[in-house]
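*Asks:* What follows is a predicted structure for the sequence shown.
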Amino acid sequence: MEQNLKAKKTSRLDKFLNFVEVAGNKLPHPVAMFFGFFVITIIFSFILSKMGVSVTYSEISKTTGEVVRKTTTVQNLLTSSGIRGIFTSAVKNFTGHAALGSIVVAMLGVGLADGTGLLSSLIKKLVLSTPKVLVSAIVVFAGVMSNIASDAGYVVLIPLGAVIFASFGRHPLAGIAAAFAGVSGGFSANLLIGTTDPLLGGISTSAAQIVLPGYSVDATANYFFMFASTFLITIIGAWLTDKVVEPRLGEYTGPKLEVDANSELTAQERKGLRVSLLSIIIFVVVILFMVLPENAIFKLTEKEIVEFVKANHRQPGTMELLKPFFGQSIVFVLMLAFFIPGLCYGVTAGTVKSHKDVIKALVKAMSSCGQVFVIIFISAQFVYVFTKSNIGIVIAVNLANILKDMGVTGVAAAVGLIFLTAFVNLFIGGASSKWLMLSPVFIPMFVELGLTPEYTQLAYRIGDSTTNIISPLMSYFPIIVGFAAKYSKNEEDMGMGTIIAMMLPYSMAFLFAWTGLFLIWTFLGIPIGPGVKMFM
């Protein structure tokens with residue numbers, strides 16, 4: 001009886017996800033779809049502008065850190081200046097896209113490591129030494145931890161997830177799903193303090209000082225909760241990969257993968273791995289020397305610290321002192337972390353005999369990104385017109401006002417913020433851009449309800465992470481479609497519906513489980529960070 005009930009539930013879930021996938025894939029190719037979004041946004045900008053649609057709200061100024069009242073109207077893009085802006089910014093939209101530079105630079109390193117055979121040998125070693133049952137958990141966990149390196153996980157770990165799963169004889173799309181779930185769905189969780197923590201803490205500080213002069217929200221404000229969340233996301237993500245997502249994908253029948261993980265490592269391969277390991281140890285020591293000492297190359301200079309204090313009205317924390325490393329250099333460092341051992345491996349194992357072999361591997365890596373580049377170009381133009389029209393801001397502010405007008409109080413209000421943020425996240429990407437707009441509304445409002453700014457920030461971060469993986473407007477989402485297309489019988493058959501259906505179980509499970517942990521944490525009264533309370 002119980003087994004029949006479970007089968008019935010699974011069948012219903014499969015039917016729903018199949019419906020999402022089929023319906024989503026009946027939409028045009030992602031490139032055509034984003035072009036359609038582009039055109040529709042321009043049309044709506046004209047209509048809503050003529051209707052005089054606008055919103056007034058408080059926002060934290062990026063230059064002064066003060067809260068200012070702003071009135072934003074929907075901008076008509078069918079004017080001479082609007083059309084001129086679309087034409088003049090097209091190239092800049094493409095070259096300035098968050099994913100483009102990261103993909104190109106990171107793939108140079110990964111491409112060489114792959115072309116010389118280093119990745120193949122590492123995967124053989126992984127297969128021979130890792131229990132099959134732990135693979136999903138390892139990939140999800142690595143995804144969660146990768147967000148300390150900003151967006152690097154999107155361009156390195158997600159495509160690598162497919163190769164790792166294939167090496168275990170599993171479906172490569174399940175590897176992409178597991179990695180994507182960890183990198184994006186678990187974006188706020190980590191065992192370490194990442195770049196997002198001081199960024200959001202600074203915004204929350206400015207919002208808190210509206211009603212609490214002199215109040216400061218530290219980078220460690222949510223650390224205890226996010227530390228525990230890492231294990232929650234890893235366990236749920238691994239279980240969903242093994243029990244829900246991969247069974248739905250069925251047997252892999254896409255392009256044959258060049259993964260031979262069953263054979264033993266040769267003597268040359270073992271020697272190559274030893275040399276590459278030595279090279280990466282030396283590389284890490286050099287990087288640490290450039291990061292840790294008091295006057296390290298990668299730390300802000302005294303002049304930069306003075307400029308930071310003026311701009312943010314506070315002293316920089318540890319992560320902010322290392323902004324030149326974590327915020328601006330991490331992708332290049334990551335590229336070198338693949339390139340150097342890849343080159344050392346190739347020379348030692350005999351797969352690199354001249355500089356021509358290196359160039360051939362780099363060119364091959366770039367040629368594999370063709371479809372991704374096309375998707376980036378079109379999606380970048382859509383993001384530009386959507387941002388320029390202010391339609392996303394109008395949607396977000398009106399939803400925030402609805403929650404405020406409902407008059408919910410206490411913890412219920414915080415839960416409401418989680419779900420509101422999760423919904424708004426479908427329309428506006430970027431954790432900091434939304435928080436600049438929402439924090440001046442909700443932090444003062446929740447202080448009046450007896451909730452600390454740190455607790456409010458925590459609620460926001462949960463909602464902001466969980467729907468990244470099902471939002472087509474998330475900057476890396478179309479790139480994931482491009483990665484996944486490589487493992488489809490026909491690349492044209494791979495659409496957003498497949499990715500959304502694949503990621504929807506993760507999104508919903510993360511949202512409800514994370515909210516559940518949030519409520520349990522609140523009920524038990526455990527500090528959410530060092531010395532941080534939940535109630536005023």
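*Replies:* Good, I have the coordinates.
*Asks:* where in the stretch 401-536 of the chain is pLDDT low?
*Replies:* Low-confidence segments of the stretch 401-536 of the chain (pLDDT under 70): 403-404, 407-409, 428-433, 489-495.
*Asks:* for it, what spans make up the helices?
*Replies:* Ranges of helices in the stretch 401-536 of the chain, per DSSP state H, counting those that start in this stretch, are 410-424, 431-448, 453-466, 477-485, 496-524.
*Asks:* can I get these in TSV with mean neighbour count and distance to residue 169?
*Replies:* Where you see a C-beta, it was placed from the backbone N, CA and C, and this is true even at glycine. Output for the helices of the stretch 401-536 of the chain, formatted as TSV (neighbours: other CB atoms under 10 Å; distance: least, CB to CB, whole Å):
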stretch	mean neighbour count	distance to residue 169
helix 410-424	20	35
helix 431-448	21	37
helix 453-466	27	31
helix 477-485	25	19
helix 496-524	19	19
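*Asks:* Please name the residues that touch the most centrally placed residue in the chain.
*Replies:* Nearest residue to the geometric centre of the chain (CA atoms, centre = their mean): residue 184, 3.6 Å. For residue 184, the contact set (CB atoms under 8 Å, 6 or more residues apart in numbering) comprises 143, 154, 465, 468-469, 474, 476.
*Asks:* returning to that earlier point: now the helices of the stretch 401-536 of the chain in TSV, with distance to residue 223?
*Replies:* Converted to TSV, the helices of the stretch 401-536 of the chain look like this (distance: least, CB to CB, whole Å):
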stretch	distance to residue 223
helix 410-424	18
helix 431-448	16
helix 453-466	10
helix 477-485	28
helix 496-524	13
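*Asks:* who wins for proximity to residue 139 among those helices?
*Replies:* Of all the helices of the stretch 401-536 of the chain, helix 496-524 sits nearest to residue 139, with 12.6 Å by CB to CB.
*Asks:* Between helix 453-466 and the closest one, find me the angle.
*Replies:* In terms of direction (axes from the mean of the first three to the mean of the last three CA atoms, to 10 degrees), helix 496-524 departs from helix 453-466 by 160 degrees.
*Asks:* re the thing from before, per-residue confidence for the residue nearest to the centre of the chain?
*Replies:* According to the prediction, residue 184 has pLDDT 84.
*Asks:* measure it to residue 132 for me?
*Replies:* 25 Å (CB to CB, to the nearest Å).
*Asks:* Residue 296 too?
*Replies:* Applying CB to CB, the value for residue 296 to residue 132 is 42 Å.
*Asks:* do the same with residue 69
*Replies:* From residue 69 to residue 132 the distance is 58 Å (CB to CB).
*Asks:* Same question for residue 449.
*Replies:* 49 Å.
*Asks:* Give me the more crowded residue out of those two.
*Replies:* residue 449 (17 against 10; other CB atoms under 10 Å).
*Asks:* my guess is residue 296 meets residue 286, correct?
*Replies:* No: the criterion here is CB atoms under 8 Å, and residue 296 misses it with residue 286 at 11.5 Å.
*Asks:* higher neighbour count, those two?
*Replies:* residue 296 (16 against 11).
*Asks:* Make sure that one is indeed in a helix.
*Replies:* No: counting by DSSP: H, G, I helix; E, B strand; the rest coil, residue 296 falls outside a helix, being coil.
*Asks:* ok, it - contacts?
*Replies:* Contacts for residue 296 (CB under 8 Å, 6+ apart) come out as 289-290.
*Asks:* From residue 51, how far out is it?
*Replies:* Taking CB to CB as the measure, residue 296 falls 55 Å from residue 51.
*Asks:* likewise residue 450?
*Replies:* Using CB to CB, residue 450 is found at 39 Å from residue 51.
*Asks:* who's more crowded, those two?
*Replies:* residue 450 (13 against 9).
*Asks:* For the nearest residue to the more buried one once chain neighbours are set aside, the count of nearby residues, please.
*Replies:* Distances taken as CB to CB, 6 or more residues apart in numbering put residue 536 closest to residue 450, at 5.0 Å, once the chain neighbours are dropped. Neighbour count of residue 536, defined by other CB under 10 Å: 13.
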